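Colleague: next input, structure requested:
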Amino acid sequence: RADSCCTSQDTNNENTREEGWGIFPRMYSDAIDILKRSNRSYILSASAIEFYLGGCSDLLTPRANVVQIDPDSSEPMGATTMEMTSMADLLRYLNLVRRNRTTRGTRMNASSSRSHAALILTLRQVDADVKTFSQTTFTLVDLGGAERPTKTKEKRFTSADMMLWDLSRGKEVPTGAQAYIINWELSMIATEIARATEAHKKKRPYAPPRQLATDATRFLSSSFNGSALMCLCLCLSPANVNGWETWFSLNWGESVSRLSVDVKRQLPTSISKAISEASKEVKEAATDLAGASKSNRFYAKRRFRLDTANKKLRDLQALVEEVSA
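Modeller: Got it, this is the predicted structure:
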């Protein structure tokens, strides 16, 4: 599993790496080792979000607080962050993610994930020698797998069924409806990849969709413009009974592999410039929020933007104080 982690017993030895660890724990362990050996001041924090039924929510709170994807930066606004300093912190983090993620037993999987999830690790660091600041983000996205109603023995939902089904009625969402939305979002993501691929071939800029798109599509599409290094891992089954799922995954992976774009290298910025830009962002967000009433449908989004800007500024100021001490 990509997010599988050590047990509580394993965390007693910070230098032990177990064979059962997944991608995220291995990457986190390496990052902690490198950072502890460096002479840089840093803050390492983690957040986790779930994309369910077209929306986005926080995986680190049991109440599933709503998270909004910023239409400009595609950053999740309103997600809880945890400061990470040890493998014990990672264990607590992953336990929260597993506890709060939406799952349901089906005929194909006893604990099938009914959503997509993103595990986000953010590193903010200051190099005192050259007086620069940099921010790096590692995101592991676990996409829900495509499934067919003939396998799960659930009602097959059509587009017309979904239009008639009112997801806000408070009733339990049928398993077939969950599968429909997962399959639909996977299709939308593949469409965006094709659109980005075509744009890059023609040397045209690519911009993530702002309308008629789910939060998952907007969040992932922000990586299709060269702002991130991307790697895709496909989970395949050799069993004949799962032939359709394997075929679908391979075709989906092939479409992703066609995406080719020059990576936009991120360069460190001076500490003074970083503080100035962060302060400006806070001021603009505060002004924007002050001009909106709580009844305004964009109020929550503006509040999230201010909270995110304040968190970045506080982290930066704390790093600078640590370097100056």
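
Colleague: can you give me the end-to-end span of stretch 219-228?
Modeller: With Cα to Cα, to the nearest Å as the measure, the first residue of stretch 219-228 is 12 Å from its last.

Colleague: let's test this: mean pLDDT of that stretch, rounded?
Modeller: The average pLDDT within stretch 219-228 is 87.

Colleague: check which helices and strands the helix or strand where Asp307 lies sits against.
Modeller: If you go by DSSP states H and E, Asp307 is part of helix 299-324. The helices and strands touching helix 299-324, judged by 3 or more Cβ pairs under 8 Å, 6 or more residues apart in numbering; DSSP states H and E, are strand 41-52, strand 68-69, strand 76-77, strand 116-127, strand 132-142, helix 271-290. C-beta coordinates here come from the backbone N, C-alpha and C atoms, glycine included.

Colleague: in a markdown table, list the ones you listed along with mean neighbour count and mean pLDDT.
Modeller: Shown next, in a markdown table, are the helices and strands packed on helix 299-324 (neighbours: other Cβ atoms under 10 Å; pLDDT from 0 to 100):
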| stretch | mean neighbour count | mean pLDDT |
| --- | --- | --- |
| strand 41-52 | 22 | 92 |
| strand 68-69 | 22 | 86 |
| strand 76-77 | 22 | 86 |
| strand 116-127 | 21 | 92 |
| strand 132-142 | 17 | 92 |
| helix 271-290 | 15 | 93 |
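
Colleague: CSV for these, including distance to Ile193?
Modeller: Shown next, in CSV, are the helices and strands packed on helix 299-324 (distance: least, Cβ to Cβ, whole Å):
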stretch, distance to Ile193
strand 41-52, 17
strand 68-69, 18
strand 76-77, 21
strand 116-127, 15
strand 132-142, 13
helix 271-290, 30
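
Colleague: hmm, back to that, the helix holding Asp307 vs strand 132-142, what angle?
Modeller: 130 degrees (axes from the mean of the first three to the mean of the last three Cα atoms, to 10 degrees).

Colleague: so how far is Cys233 from Ser279?
Modeller: To Cys233, Ser279 is 40 Å away according to Cβ to Cβ, to the nearest Å.

Colleague: quick one: buried residues of the helix holding Asp307?
Modeller: Neighbour counts over helix 299-324 (16 or more other Cβ atoms under 10 Å) mark 301-306, 308-309, 311-313, 315-316, 319-320 as buried.

Colleague: ok, now stretch 240-259?
Modeller: Across stretch 240-259, burial judged by 16+ other Cβ under 10 Å covers 245-246, 248-249, 252, 256, 259.

Colleague: could you do stretch 212-229 as well?
Modeller: Those would be 213-226, for stretch 212-229 by 16+ other Cβ under 10 Å.

Colleague: any chance of the residues you listed in TSV with distance to Asn240 as columns?
Modeller: Converted to TSV, these look like this (distance: Cβ to Cβ, whole Å):
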residue	distance to Asn240
Ala213	36
Thr214	33
Asp215	36
Ala216	31
Thr217	33
Arg218	37
Phe219	35
Leu220	31
Ser221	35
Ser222	38
Ser223	35
Phe224	34
Asn225	40
Gly226	40
